[in-house]
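A.B. asks: How does the following fold in three dimensions:
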Amino acid sequence: MGTQSFGSVDPVGELDPRPRFPPRPGGVAILGCGAIAQSAHLPAYEQYGVGVVGVWSRTPDTTAGVRDRFPFVERVYSSAQELLDDPRVRFVDIATPARGRVRWVEAAVEAGKHVLAQKPLVDTREDLVALEPVLQRARARGISVAANQNGRWAPPWRLATLLLRGGAVGEVVGVTHLHDKPLPPLVGTPFDDLDHMLLTDYLNHWVDITHCWLEPASVATVQASDSRVPGQPEAARNPWSATMNLTADSGATATLRIAGNAVTGSPAVPFWVHGTEGTIRGSVLGSDRLSVERPAGTVDYRLPGAWFVDGFAGTMGELMCGVAEGREPENSASTAATTVKVMLAARDSADRGGTPVTLSGPGESGG
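C.D. replies: Numbers count the residues shown, from 1 in each chain. Take a look at the predicted model:
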C-alpha cells in the first residue's frame, strides 16, 4: 500500500480549508468585547483585514485599551444601542454570555443587522424556544443569523468536511473523537458550576462538527454518561470523564470520549471518520494532522493555519459570504440549534443513568 504526500493544500483549489471572505469585508461591530473577543475575534479580524467599525462592553474598563491594542478598531461605543443605531454596522458579532443572548440577537435583528452569535447559541430549552420566532422574523426580513462555531474552521476539521462533501470515503459509517490531552483548569471557575459541564458546554465543538459530518443524515438518539475519576480533586464539582454516543437515522454512529485529565507528553485530540470507501484520520488543537486512507493508498495533507485564530475568521467569513451570495451560511443558527438540542439530550441521558434519549421537536427531547 503506497503513501502519497501533499506538501501543501492547493491555495486556490476546492479543498482549501482556510477562511473565505467576499471582497472588502467590513461593517463589523462587536457587542460584548470581553476576553474571548479580544484574544480571538479581534486578532482574527485583524489578520484577515476585516473592518471593525466599533466595539462595546457592558463594563467600560474592559474596552479601555482596545484601540491601543487594535488600532484598526474605529471606535468604542458608549452603549449597545449606539452600536445598533450605527448605519455603518452591517454585522453584529455578539460575544456575550449565553444567558440573555436571545434578547441581543432579537435587538440586532430588529435593527436590521446580520448576526454572528457566540457559541453555544443558547444553553436552555426555554431560550431555544424563544429564539425560534426571532429567527423566523430574521428570515422574513432577509437577515442572516449565524453561530460562532469556530471549530468548523479548525484546519483538520474543515478539510475533513470538504473531503466528505467530495465523497472521499463514500457514505459515513461512523465518527469517533478522543480527547487525549489535559483538561483546562476547571476548579473554581464558572465552568465548574455548569450542570454536566463536559456534556453541556465543553464538547460543543465536537458535537457540532460531528452532526455536520453525518449529514445528510440526522442525529436520532443520544446516549451519554459522565463520572468522577481517580485523581480528580474533591473540589472539582463536575465529573472529569464523559462519553457521548450518537445514532443517526441512517444507522451511522458517533462516539465522543473524554477519559479524564490525560497525563501525557504528546497531547492530541484525534478523530476518525469511517466511510463505505475509506477512512479519514486526523487530530486538532495543536496536534494538527489529516490523512485519507483508501484501499489504493494513503494521502497525507499538510495543513495551513490553526484553529486559533483562523477558526474565528472562518465563522465571520462564512456569514459574510452567505449574505453576499444570497444563501444560508453553513454555520446558520438553525444548524447551531441542532448542536444545542443534542447537548441538552446528552444532559438528560446522563441524568437518567445513561438511558438513550430521542431527539424530537424544538427544544424538546423524548425518552
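A.B. asks: Roughly how far does Thr358 sit from Ala224?
C.D. replies: Here the distance between Thr358 and Ala224 works out to 13 Å (CB to CB, to the nearest Å). All C-beta spots, glycine's among them, are computed from the backbone N, C-alpha and C.
A.B. asks: With neighbour numbers in mind, choose between those two.
C.D. replies: Legend: neighbour count by other CB atoms under 10 Å for Thr358 and Ala224, higher for Ala224 (29 against 14).
A.B. asks: by contact count, what packs against the helix or strand harbouring Thr247?
C.D. replies: Taking DSSP states H and E as the definition, Thr247 sits inside strand 241-248. Judged by 3 or more CB pairs under 8 Å, 6 or more residues apart in numbering; DSSP states H and E, strand 241-248 is in contact with helix 204-214, strand 219-227, strand 253-258, helix 333-351.
A.B. asks: sorry, back to before: quick check: neighbours shared by Thr358 and Ala224?
C.D. replies: Counting by CB atoms under 8 Å, 6 or more residues apart in numbering, the residues touching both Thr358 and Ala224 are Ala345.
A.B. asks: related to what we said a few turns ago, so how far is the strand holding Thr247 from its chain's centroid?
C.D. replies: Put simply, strand 241-248 sits 17 Å off its chain's centre (CA atoms, centre = their mean, to the nearest Å).
A.B. asks: Just the buried residues of that strand, please?
C.D. replies: Buried positions in strand 241-248, judged by neighbour count with 16 or more other CB atoms under 10 Å: Ser241, Ala242, Thr243, Met244, Asn245, Leu246, Thr247, Ala248.
A.B. asks: ok, now stretch 114-126?
C.D. replies: Those would be His114, Val115, Leu116, Ala117, Gln118, Lys119, Pro120, Leu121, Val122, Asp123, Thr124, Arg125, for stretch 114-126 by 16+ other CB under 10 Å.
A.B. asks: and the third one, what are its bridge partners?
C.D. replies: Assessed by DSSP bridges, Leu116 has beta-bridge partners Asp93, Ala146.
A.B. asks: sorry, back to before: adding distance to Val134 and mean pLDDT as columns, could you present the helices and strands packed on strand 241-248 in a markdown table?
C.D. replies: Listed next are the helices and strands packed on strand 241-248 as a markdown table, based on distance: least, CB to CB, whole Å; pLDDT from 0 to 100:
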| stretch | distance to Val134 | mean pLDDT |
| --- | --- | --- |
| helix 204-214 | 20 | 98 |
| strand 219-227 | 24 | 98 |
| strand 253-258 | 29 | 98 |
| helix 333-351 | 9 | 97 |
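A.B. asks: Ser283: which of those is closest?
C.D. replies: For those, distance to Ser283 was read as CB to CB. The smallest value, 12.7 Å, belongs to helix 204-214.
A.B. asks: if we can go back for a sec, among the buried residues of stretch 114-126, pick out the one closest to Gly265, please.
C.D. replies: For the buried residues of stretch 114-126, the nearest to Gly265 is Lys119 (30.6 Å; CB to CB).
A.B. asks: hang on, the earlier thing: so which of the buried residues of stretch 114-126 are in helices?
C.D. replies: Per DSSP state H, helices hold the following members of the buried residues of stretch 114-126: Arg125.
A.B. asks: For the stretch 51-200 of the chain, just list every one of the strands.
C.D. replies: With DSSP state E, counting those that start in this stretch as the criterion, the stretch 51-200 of the chain has strands at 52-56, 91-94, 114-117, 145-147, 172-179.
A.B. asks: Am I right that Gly231 falls within a helix?
C.D. replies: No: secondary structure of Gly231 (DSSP: H, G, I helix; E, B strand; the rest coil): coil, not part of a helix.
A.B. asks: At the geometric centre of this protein, which residue sits there?
C.D. replies: By CA atoms, centre = their mean, the chain has its centre lying nearest to Gln149, at 2.3 Å.
A.B. asks: just checking, that one touches Thr338?
C.D. replies: No: in this structure, Gln149 is not within contact of Thr338 by CB atoms under 8 Å, at 10.7 Å.
A.B. asks: So which residues of this protein form helices?
C.D. replies: 35-36, 42-47, 66-69, 80-85, 101-110, 125-140, 155-165, 197, 204-214, 312-325, 333-351.
A.B. asks: Identify whichever of these lies nearest to Tyr301.
C.D. replies: helix 155-165 (6.2 Å).
A.B. asks: Give me the angle between the closest one and helix 204-214.
C.D. replies: Compare the direction of helix 155-165 with that of helix 204-214 by axes from the mean of the first three to the mean of the last three CA atoms, to 10 degrees and you get 20 degrees.
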